[in-house]
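> coords below, sequence missing:
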């Protein structure tokens, strides 16, 4: 009844992209992963990153002692779910959580033991972090301070990126961060000059903070491989951070050498907070504790004003006028990427979306969809009453401006011409059509243009044909 | 993007039923202690599934009902123990639920007669709570416009051990309808005791799943497979539904559960025998009707004029081959 | 302002449109059409001198009821207003237990050319169809044992659009295709009412017979004397209600007054919907007979035998159903003769037992056993133990009175606490409303 036909807007199979970290983990060796799975906190965080169906499968199998025939589990899957189910099985087997899913289903022993331990508790490995003993000298750090710290760090990075092209010189992040930005291709330096934001960097700016964070961390992981740091240590530290409690201070003692080395980097990104660089204790910030959360109400959006920015701040009118209630220089700078700003007031920025401003953004590699999705996610609560949220005229026009750039499409290929007879021409053309490589044809001139991939086949075909005749 | 979800778990904590359940002559005796540990594991799994998942636990005790835990105001007793071996939210839930149950059980005095179980109270409290979290309205918040997509999908899970309480028929039905209005699924897991007609209807009418636990040693597995998947996931992974649903009702006069009843046309009150005056709305029924009904009722117990099978109207048994 | 009304009005008055407006003006920020428009609340003062014209009344100084708080914000004032309205609504339902629950309703839709007027957006016709659909859905929700039929008035004739049916989908299907209902010609009230009356003649006495007319025209083209039809309706105990979209017509007013229905003229879209939706709750049983003599049996009442079936799942063995003789696996088993029927409610084809699913009946029980109104707690001094949080949803109560306005007279608690008279537990404003409006069962007492 009402329960059954509830709105299916949150259909599982729609836009259900796997987490960015998963492909990276899937590329790791079984050995690495098994070592990672030894820590309950890592298993718990991994479990959270999985898509919902995968999670359910893991849970179904978690408490079973013996293996289940694949057919038995398959019987629970509905017809609509079949495809997703297969994907989920494949996904889990790639992560080595579920070895050999084709015959019998049984979780990886290490993973199973660790996850069980995480759920029930117990064990002695302290994978959820050791809380530092009460500090008598200092008052415990408040959550507001942590949030402010995380925001400040994070926005410094973003602000540096966004203003790199404009000639302004905001505060520079630490060299480690700069190196990371450069390595990830978000910024680049041409002939040793100052770092310049790349088109990938522009796209990066429009992502949600959660995506941005993972994108950087992923890059960090790749770099760690090159630096020959132990990947398992890094991953398990990240996962441990994500299970820690906000506002608590944890002791450095129980960390490994690698992890201690990471503290500095993570401090630069704003993931953890330390009183001094040499402090024996650290606190995770909200950036860290929400790592495994998919809806990231990051404190990042809060500016010095009230916390109303969580709700979005952009009002867009059908006449392309845009009002942004913000005093945050970063948000203003991001808007500046695709909006012609007109006036600035203490808490309000007014601008309009014009053909030039959008083309500038497009030239920077930002896509129309990214602009629209940015506008959507940051729309003011008042805008949310509109349906559709972004005025259709504006949406369409932004898309049209993008299409303007795509009038010409170049493709490499070969022109086949000078056929001896119409029959020859048609015979070869027919073959090329079967291969689906014909890009253009002109029967009157007896020539056609085939794509690059098809060339070897067509050439072979013609040679065989002429060869056969001779 | 999978949505976060909310589960309100209603635990049936009748000491006498749990005592019966743990007796060794049962095919699968289940003690309260092992029940609780499995339920806690289930609760932890729910929280583990997503960072945003929320939880509320209600206890139905004899004669009263108590909210044991809720994510929106968890216990304030922030003991700084910080066990490094367990995820902090799990620790909070587990300790909170266990201590609250112990507190409440202490309060129950050892009377001979156990008061009827406060299942209805717990169920309505769960509904009120869900109403509160899904409609964060006006008076408390200022002008924050909540995006409906962020709000969790609410569900209720009832773990029942007590038999049907026929006095609670109308309140339970009312709760079912309000659950339908709130689009809340009611899942029922019958851990011990006979099937309950009312909870079967609750699960059926709200689109939830009703599980009668036979292998009671596999409680956790059943909970995980049948009651943990979110509604969206249930489209992909089937959950068990009822075999057949009994739409019987309880009469207003003696609270008997009946399958053929006499219904007042004015107020739809159900009676198990023809009555001259409706006890609810004081309507007087025509004498003629009464005579007719009384007359037809008596012979109905015997096979009349060869009409197929006249199984006595009071037996709910099913014929083996419905033909 | 009398917040309670104890017994039903016998005379269906709807004299003053001014009242309606006054109320809707007060409602102010509330989403239109949501509130139950208790229009007859203060009919005594209805035609008071300070509001002589409807259009003046519609702007009945709604801003006076809204006051800014210290910070200059309206939110608290609006919240107060909402809360107060809800409180008042809670106190309003009198203990009218005797309600007709098995209802039969014919909706007569005006399909004359006057429905093409655009004074209501997009047109009267489109709006009526839209509201009729919502009305039907809601009506079946609240009257699960009722049946609805549809008749159209078009080109001087009555047209049967759908037979009397208990399935909302059947009824909705009849008005789903707009092009089949394209308005034409003049309406004939008499023809349509006669047709409706004819299709209700055979109904058992214990059910109600009602006609709802959505009337957009100002004229009617009748073949005979319409007052004869009116007499016939009175004789057949058919209650006729009219929602007029243009203006009041004497004959419509007469129909409603004499048959005990309600008459209203819709002033705008929201009001149109309000008028329609007022007709959804089951009408109180006319208590004439009780007044006539306490000992007299109510001829409209009867005791009915009903069976509550067992539902078979779609995984059971297929068997032939008795209604269509089709091989099906799912279905319902008659509790008396174990015959298999496809759908409930129905009469068993074998033994004639009326089979209803008990949830159908139970849907209306909250009319019978309403939760007692909670008492507002005025101050914390009386009594000793005060719970810190709401007994139902565990929201914590404010410690001190939040608002300074003197609302105690209206049954508002300045503390936001409401106490059940039976179990003496405290509830917050939201739960108070939710319990009384939706759950109909007190979380404290469990009844």
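Sure thing, it's come through. Keep in mind it's a predicted model, so treat the numbers as computed, not measured. Numbers count the residues shown, from 1 in each chain, chains lettered A, B, ... in the order given.
> List the contacts of the residue in the stretch 201-350 of chain C positioned nearest to chain A.
Residue of the stretch 201-350 of chain C nearest chain A, by C-beta to the nearest C-beta: residue C:311 (12.6 Å). Every C-beta, even on glycine, is put in place using the N, C-alpha and C of the backbone. By C-beta atoms under 8 Å, 6 or more residues apart in numbering or on different chains, the contact list for residue C:311 reads B:204, B:244-247, C:330-332, C:357.
> try 6 Å
By C-beta atoms under 6 Å, 6 or more residues apart in numbering or on different chains, the residues touching residue C:311 are B:244-245, C:332.
> from the residues you listed, which is closest to residue B:116?
residue B:245 (24.2 Å; C-beta to C-beta).
> Could you check how far residue B:177 is from residue B:65?
Here the distance between residue B:177 and residue B:65 works out to 20 Å (C-beta to C-beta, to the nearest Å).
> Settle it for me: which of those two has more neighbours?
Just comparing residue B:177 and residue B:65: by other C-beta atoms under 10 Å in any protein chain shown the higher neighbour count belongs to residue B:65, 27 against 22.
> pretty sure that one is touching residue B:122, no?
Yes. With contact defined as C-beta atoms under 6 Å, residue B:65 counts as touching residue B:122 (3.8 Å).
> Where does residue A:396 fall, secondary structure wise?
Residue A:396 belongs to helix A:392-404 when assigned by DSSP states H and E.
> which strands and helices sit next to whichever helix or strand comes after that helix?
Sequence order places strand A:413-416 as the next helix or strand after helix A:392-404, per DSSP H and E. Applying 3 or more C-beta pairs under 6 Å, 6 or more residues apart in numbering or on different chains; DSSP states H and E, one finds that strand A:413-416 makes contact with strand A:447-451.
> neighbouring contacts of stretch C:111-124?
For stretch C:111-124, the surrounding residues in contact (C-beta under 6 Å, 6+ apart) are C:125, C:127, C:152-154, C:181, C:183, C:186-187, C:216-217, C:245, C:269.
> Identify the single longest helix in the chain, thanks.
All of this refers to chain A. For chain A, the longest helix by residue count, based on DSSP state H, is helix A:143-163.
> right idea, wrong chain: chain B
Identified as the longest helix of chain B according to DSSP H is helix B:88-107.
> ok, and what's touching the helix or strand following that helix?
Going down the chain from helix B:88-107, the next helix or strand is helix B:119-134, by DSSP H and E. Contact with helix B:119-134 is made by B:8, B:10, B:56, B:58, B:60, B:65, B:151, B:154, B:156, B:168, B:171, B:175, B:178, B:184, C:392-393, C:431, C:434, C:439, C:441, C:443, C:446, as judged by C-beta under 6 Å, 6+ apart.
> what's the offset of helix B:119-134 from the middle of its chain?
In terms of C-alpha atoms, centre = their mean, to the nearest Å, the centre of helix B:119-134 is set 12 Å apart from its chain centre.
> same question for it, mean pLDDT?
For helix B:119-134, mean pLDDT is 88.
> Could you give the number of residues near the closest residue to residue A:358 other than its chain neighbours?
Nearest non-adjacent residue to residue A:358, counting by C-beta to C-beta, 6 or more residues apart in numbering or on different chains: residue A:401, 4.7 Å away. Using other C-beta under 10 Å, residue A:401 has 20 other residues around it.
> ok, residues contacting stretch C:252-265?
For stretch C:252-265, using C-beta under 6 Å, 6+ apart, the contacting residues are C:12, C:14, C:230, C:233-234, C:239-244, C:248, C:275.
> confidence score at residue C:100?
62.
> Of all the residues in the stretch 351-470 of chain A, which one is nearest chain B?
Counting by C-beta to the nearest C-beta, the stretch 351-470 of chain A gets nearest chain B through residue A:381, at 4.0 Å.
> And that residue, how far from chain C?
14 Å (C-beta to the nearest C-beta, to the nearest Å).
> As TSV, the contacts of stretch C:111-124 with distance to residue A:52 and neighbour count would be great.
Putting those into TSV (distance: C-beta to C-beta, whole Å; neighbours: other C-beta atoms under 10 Å in any protein chain shown) gives the following:
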residue	distance to residue A:52	neighbour count
C:125	46	26
C:127	42	22
C:152	49	25
C:153	54	32
C:154	53	24
C:181	45	21
C:183	51	22
C:186	60	16
C:187	56	32
C:216	51	28
C:217	56	24
C:245	50	24
C:269	42	17
